[in-house]
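Undergrad: A structural model of the following input is requested.
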Amino acid sequence: MKSQKGSVVIIALVLVIIGLIGSVGYLVYEKNQKDTDTSVQQTKNATQTSTEQPSKPNYSVRYIYPNQEGEALTIQSEADLNKLPADFPAGAKEYLTKSINDAMADNTTDCMNTITVDKYNDINVAGGVGATCGGGAAAVWSIGSDGNWTELYYQDTPVCADLITKKIFNEFIETCFDDKNADGQAAETEFIPNPNGSSALL
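TA: Down below sits the predicted model:
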């Protein structure tokens, strides 16, 4: 009888010990799972934050033909845009695509509209517009105050207010006209340095 009681007690103790080991193991497993989940989430968050950070624009001035500064690429069709350098700003290329397609609609056999581009950075592009039969104007395409690409065509000194609104920097237009007297007359003192300064200071 005593032997049977002893066996029952031993079995009960073994079961209790197994139960305790199982409980402790489960708690350890749960903690490890939580730690792993937290670690994975932190890694995801870090990756997401890193991915979402926008790259800073490249403000350095580059030339279409680096070894021939001042030499311009003439664009007469959408196919010519493929000759632009690989680092040419995508937004500007898209804007020029629409511009040349619109201009081509007015082409005749005797006169074709053209766009020229000679230098650029990620926010300003300089060149001109014209036609094979003559005429034209200097041009700067830029990311304006509203964040969209826009254009400025000019033959004489542009107005300072346009440079400010269109966010054109002095690497692309150095001087502008500020009609301080609001009389429409251009006095020598009203030609001033581009108030936007250099894009390199951004």
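
Undergrad: nearest residue to D162 other than its sequence neighbours?
TA: Among residues not flanking D162 along the chain, L152 sits closest, at 5.7 Å (C-beta to C-beta, 6 or more residues apart in numbering). Using the backbone N, CA and C atoms, a C-beta is placed for each residue, glycine as well.

Undergrad: Retrieve the pLDDT associated with T47.
TA: Predicted confidence (pLDDT) for T47: 55.

Undergrad: Tell me the spacing between N170 and L84.
TA: Remark: distance between N170 and L84 (C-beta to C-beta, to the nearest Å) = 23 Å.

Undergrad: From one end of stretch 162-176 to the other, what's the distance?
TA: End-to-end distance for stretch 162-176: 9 Å, by C-alpha to C-alpha, to the nearest Å.

Undergrad: again, but for stretch 56-72
TA: Stretch 56-72: ends 27 Å apart by C-alpha to C-alpha.

Undergrad: So for it, what gets flagged as buried?
TA: By 16 or more other C-beta atoms under 10 Å, the buried positions in stretch 56-72 come out as 59, 61, 63-64, 72.

Undergrad: how far out from the middle of the chain is stretch 183-199?
TA: 29 Å (C-alpha atoms, centre = their mean, to the nearest Å).

Undergrad: And for it, what's in contact with it?
TA: By C-beta atoms under 8 Å, 6 or more residues apart in numbering, the residues outside stretch 183-199 that reach it are 59, 121, 123-124, 157, 160, 163-164, 167-171, 173-181.

Undergrad: which SSE is P195 in?
TA: Assigned by DSSP states H and E, P195 belongs to no helix or strand.

Undergrad: In terms of residue numbering, what are the domains of this protein?
TA: For the chain, automatic domain parsing gives the domain ranges 1-53, 62-201.

Undergrad: among the ones you listed, which is the most enclosed?
TA: Mean neighbour count (mean count of other C-beta atoms under 10 Å) peaks for domain 62-201 among the domains of the chain, with a mean of 16.

Undergrad: picking up where we left off before, just put the buried residues of stretch 56-72 in a markdown table and tack on secondary structure and pLDDT.
TA: Formatted as a markdown table, those follow (DSSP: H, G, I helix; E, B strand; the rest coil; pLDDT from 0 to 100):
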| residue | secondary structure | pLDDT |
| --- | --- | --- |
| Y59 | coil | 97 |
| V61 | coil | 96 |
| Y63 | strand | 97 |
| I64 | coil | 97 |
| A72 | coil | 97 |
